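Asks: Kindly generate the corresponding structure for this input.
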Amino acid sequence: MNQSVQATRTMLDVQQVGLQINQSYILKDVSFNIKAGQFVGLLGPNGAGKSSLLRCIYRFIKPTRGQIKFLDAPVESYSRQEYAKQVAVVLQDVPEQFNLAVFDVVAMGLTPHKPLFSSMNHEDKSEIAMALAKVGLTHKSTQMFSSLSGGEKQRVMIARAMVQQPQLLIMDEPTSHLDVKYQIQIMELAKSLGVSVLASFHDLNLAAAISDHLLVLHDGELKAQGSPLQVLTSELLSDVFGVCAQVTQVPNAHNEQTLVPHIRYHYGYIQ
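Replies: Below is the predicted model of the structure:
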C-alpha cells in the first residue's frame with residue numbers, strides 16, 4: 001500500500017453508536033472516524049460518556065445500537081486475540097496487582113502474538129528492551145512494578161502497548177493523577193509512536209497542543225468535532241463545560257508555523 005493511500009486510510013469508523021443502561025441513554029448516535037496515524041483527543045465533562053465510548057471501542061461492553069468498524073470490518077468479526085493484536089489500551093487506573101518485575105509486565109504485550117505457554121526468544125527480549133529504552137526505563141527493568149511511581153507505571157504500560165505492536169492505541173485519561181511533567185511526557189510519547197491514537201483528556205490545553213483532531217461529548221452526544229482551532233471556542237467551553245474562558249491562538253511548540261488554541265479561564269465570577 002503506497003504512503004498516500006495509507007495516510008488517508010480509515011482505521012476506525014464509529015457509526016451511530018448508542019448505549020442504553022437501565023433505561024438511560026449513555027451514548028446517543030455517536031459517529032466519527034479516525035484515519036491512520038491520526039491523534040484524536042476525546043473531551044467532555046465528567047459523565048459525558050467518554051469512558052463508555054472507549055469501552056465500546058475496545059470491546060469491554062457492547063453498544064445497544066450502531067456499529068463500530070476497525071479496518072473496514074465490524075469489531076465483533078475479530079477474535080479477541082486478533083483484535084488484541086491490533087488495538088492496545090492504556091487506562092487511567094494502572095493495575096496494582098502485578099507482582100512482577102517491570103520487564104515481565106512489558107512482556108505481557110507479547111501475549112496476543114504468542115502461542116499459549118510458549119517461551120520468549122531473543123527477538124522478543126530485544127523488542128521488550130527497545131520498548132523500555134524508548135520510555136526511558138531500561139534501568140528499572142528488574143525492579144518490581146509495584147514499587148514504581150505513578151508516572152513510571154504509566155510509561156511501563158505504554159511500553160507494554162508498544163510491544164503489542166497495535167495499529168490503534170486507546171488511552172482513557174491516563175494522565176489524570178500525574179504531575180504536569182509526566183502528563184506531557186506520556187502524551188508526547190504516545191504521539192511519537194506513529195500509530196493512530198484515541199485519547200481522552202481532562203486538560204483541554206494539553207489536548208489542544210497534542211491532538212490533530214478533537215471530539216467533544218456532552219450528555220452522551222457528540223457536540224463538536226474538528227481541528228483544535230475549530231472546536232475549542234469560548235462558546236463551546238461555556239455550553240459544554242460551564243466555564244467562562246478566553247481562547248487565544250499560540251504557536252505550536254513542535255511547529256511554530258502552525259497555531260493551536262490556548263484557553264485562559266476566568267475566575268471569581270458567578271453564573
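Asks: Now Val247, what are its backbone angles?
Replies: Per-residue torsions, Val247: phi -110, psi 120 (degrees, to the nearest 10).
Asks: Contacts only, for it.
Replies: Leu232, Thr233, Ser234, Leu237, Pro261, His262, Ile263, Arg264 (CB atoms under 8 Å, 6 or more residues apart in numbering). Placement of C-beta: from N, CA and C, glycine included.
Asks: in the protein, which ranges drop under the pLDDT threshold?
Replies: Residue ranges of the chain with pLDDT under 70: 1-7, 96-97, 116-117, 268-271.
Asks: in it, which spans are strands?
Replies: Assigned strands in the chain, in chain order: 10-21, 24-35, 39-43, 65-70, 73-74, 87-91, 168-172, 196-200, 213-218, 221-226, 245-251, 259-265 (criterion: DSSP state E).
Asks: Most neighbours out of the contacts of Val247, which is it?
Replies: Leu232 (24 neighbours; other CB atoms under 10 Å).
Asks: was I right about it contacting Leu204?
Replies: Yes - under the criterion of CB atoms under 8 Å, Leu232 makes contact with Leu204 at 6.6 Å.
Asks: mind listing what the nearest residue to Gln16 once chain neighbours are set aside touches?
Replies: In this structure, Gln16 finds its nearest non-sequential neighbour in Gly66, 4.1 Å apart by CB to CB, 6 or more residues apart in numbering. By CB under 8 Å, 6+ apart, the contact set of Gly66 is Val14, Gln15, Gln16, Val17, Gly18, Asp29, Val30, Ser31.
Asks: Which PyMOL command selects the buried ones in the residues you listed?
Replies: Buried members of the contacts of Gly66, defined by 16 or more other CB atoms under 10 Å, are picked up in PyMOL with:
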select buried, resi 14+15+17+18+30
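Asks: Can you tell me which of the contacts of Gly66 is nearest Ala101?
Replies: Within the contacts of Gly66, the smallest distance to Ala101 is 37.7 Å, found for Val14 (CB to CB).
Asks: now the lengthiest helix in the chain, how far from the centre of its chain.
Replies: Identified as the longest helix of the chain according to DSSP state H is helix 150-164. Averaged C-alpha coordinates place helix 150-164 at 13 Å from its chain's average position (CA atoms, centre = their mean, to the nearest Å).
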